[in-house]
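Trainee: Next one to model:
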Amino acid sequence: MQWSLFVFIVMGQCSSIVGQLYDYHFIREKKTWKEAQDHCRKYHTDLATVANQTDMQRLLNSATAQHERYPDGAWIGLQENTTNIVWRWSLSGVEFNKSEWSYTQPDNVDDNEICVRMNDGTWDDDTCSETYKFICYDVRTKSGKTFYISDSEMNWTDAQSYCRKDYTDLISGVKQLKDFKKQYPSDANGAFWIGLFRESAWSWSDGSSFSFRSWDDDKQDPDSKKTCAMTTSNGKWSSDDCDNKKTFFCYDDSVILIKENMIWEDALYYCRDHHGDLVSITNLDDQRWVQERAKMASTPHVWMGLRYTCTLDFWFWVSDETVHYKNWALPQSGNDCNMSGAMDRNGTWVKLIDDDNQLNFICSK
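Mentor: Reported below is the predicted structural model:
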């Protein structure tokens, strides 16, 4: 097909503005957690999954728009399913795959040290109620400063809330910590809270691995029956007996992983014939959401709606969105007339020859 004509077909078919990839719904009926899960899966996608603080506010707004109140809490899709202990980073999308513990750490004294501080460059577990200075990470920075070092001391929970309110989150992941040490070598020797914490193995109803949590200070209840999570109207979470009946939140997903192997062009037309379009990613929230779907692919990469035009010499989304947000793996060199964008299962983007690769792909509905 003549390339200029193909560009017209690809870009011209969809010129609408891309909306949210998922939406929340407040359900006023009172049900047990399992009944709520069944309802959400029947009429929507699943019980609400929350990836970050922005999601939390959107979820709360879905009830506020209906002038709804839920004094007894409302179910979300988080449930404690085992007694295993796992380490998680506060910033959603950062996986715990490497550690830099101090010698003899973590030691979990009195089974109460579930938060982590950086101490002279290495990590110690500590009681969350202790107060230290802390480091915030800011992905939205306009000043050019990615990290903020606090002047005052707070407990871990208050430090997390402070970072989420004014920045993005507590510093999370080995890469961010290494970047911090490079930028502030003289400041890396104190004691600071970082975004690592230990918890029981809570999991999301839809299988997502988002590590975001918004627990209230008193959520740690010794009652073993309280294994389902609920949120209050202030956005803080607690746990309760799953058999109690409460209102709840569902979500509708606008993206779907297609586990069929196709070249990029065939994937494009499949999405347009059966759903909406190949998925576009315009911000970090979209990236995290699509990345979760990519993890479940049966191929090493999945096609996205990202295409390169050598005639006009730029990358574009087939939804007609401008490519502002990017997550290319490095190094990525060369632009070819038959090149399209794919996502690795770890979330990074790669450039692939579209007619040489048959991959799973992600459609937007």
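Trainee: what's the span of stretch 315-323, first residue to last?
Mentor: 7 Å (Cα to Cα, to the nearest Å).
Trainee: Let me see the mean pLDDT of it.
Mentor: Here stretch 315-323 scores 89 as its mean pLDDT.
Trainee: and that stretch, which residues are buried?
Mentor: Buried residues in stretch 315-323, counted by 16 or more other Cβ atoms under 10 Å: 315-321, 323. Every residue, glycine included, has its C-beta placed from N, CA and C.
Trainee: Let me see the domain layout of this structure.
Mentor: 3-20+254-364, 24-78+216-252, 84-199 (automatic domain parsing).
Trainee: I'd like the average pLDDT over the shortest one.
Mentor: Taken as a whole, domain 24-78+216-252 carries a mean pLDDT of 90.
Trainee: ok, now the last one?
Mentor: When pLDDT is averaged over domain 84-199, the result is 87.
Trainee: Report the distance from it to the chain centre.
Mentor: 18 Å (Cα atoms, centre = their mean, to the nearest Å).
Trainee: go on, the shortest one?
Mentor: The chain centroid and the centroid of domain 24-78+216-252 are separated by 18 Å, computed with Cα atoms, centre = their mean.
Trainee: wait, isn't Thr282 in contact with Asn327?
Mentor: No. The criterion here is Cβ atoms under 8 Å, and Thr282 misses it with Asn327 at 11.4 Å.
Trainee: List the buried residues for the host helix or strand of Asp158?
Mentor: Using DSSP states H and E, the element containing Asp158 is helix 156-166. Within helix 156-166, the residues scored as buried using 16+ other Cβ under 10 Å are 156-164.
Trainee: is it possible to export those to JSON lines including distance to Ser172?
Mentor: Shown next, in JSON lines, are the buried residues of helix 156-166 (distance: Cβ to Cβ, whole Å):
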{"residue": "Trp156", "distance to Ser172": "13"}
{"residue": "Thr157", "distance to Ser172": "15"}
{"residue": "Asp158", "distance to Ser172": "17"}
{"residue": "Ala159", "distance to Ser172": "12"}
{"residue": "Gln160", "distance to Ser172": "10"}
{"residue": "Ser161", "distance to Ser172": "15"}
{"residue": "Tyr162", "distance to Ser172": "15"}
{"residue": "Cys163", "distance to Ser172": "10"}
{"residue": "Arg164", "distance to Ser172": "12"}
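Trainee: biggest separation within those residues, which pair?
Mentor: Among these, the pair separated by the greatest distance (Cβ to Cβ) is Trp156 and Arg164, at 12.5 Å.
Trainee: Give the residues shared as contacts by the two.
Mentor: Here Trp156 and Arg164 share no contacting residue, scored by Cβ atoms under 8 Å, 6 or more residues apart in numbering.
Trainee: contacts for stretch 342-358?
Mentor: By Cβ under 8 Å, 6+ apart, the residues outside stretch 342-358 that reach it are 93, 261-265, 287-288, 290-291, 294-295, 297, 299-304, 306, 308, 326-329, 332, 334-336, 338-341, 359, 362.
Trainee: Mind checking which of the residues you listed land in helices?
Mentor: 264-265, 287-288, 290-291, 294 (DSSP state H).
Trainee: hmm, back to that, could I have the PyMOL command that selects the buried members from the contacts of stretch 342-358?
Mentor: Buried residues among the contacts of stretch 342-358 (16+ other Cβ under 10 Å), as a PyMOL selection:
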select buried, resi 93+262+263+264+265+287+288+290+291+294+297+299+301+302+303+304+306+308+338+339+340+341+359+362
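Trainee: mind listing the helices in the stretch 101-250 of the chain by residue range?
Mentor: All helices of the stretch 101-250 of the chain, identified by DSSP state H, counting those that start in this stretch, fall at 156-166, 174-183.
Trainee: hang on, the earlier thing: for Ser205, find the nearest of the domains of the chain.
Mentor: Between Ser205 and the domains of the chain, the tightest spacing by Cβ to Cβ is seen for domain 24-78+216-252, at 3.5 Å.
Trainee: ends of the closest one, how far apart?
Mentor: Domain 24-78+216-252 stretches 6 Å from its first residue to its last (Cα to Cα).
Trainee: Same question for stretch 127-145.
Mentor: 29 Å.
Trainee: what comes up buried for that stretch?
Mentor: In stretch 127-145, counting by 16+ other Cβ under 10 Å, buried: 128, 132-138.
Trainee: okay if I get those as TSV plus distance to His39?
Mentor: Shown next, in TSV, are the buried residues of stretch 127-145 (distance: Cβ to Cβ, whole Å):
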residue	distance to His39
Cys128	35
Tyr132	43
Lys133	45
Phe134	40
Ile135	42
Cys136	38
Tyr137	37
Asp138	38
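Trainee: in the stretch 201-350 of the chain, which spans are strands?
Mentor: Ranges of strands in the stretch 201-350 of the chain, per DSSP state E, counting those that start in this stretch, are 228-231, 237-240, 246-253, 255-262, 277-278, 301-309, 314-317, 339-344, 349-353.
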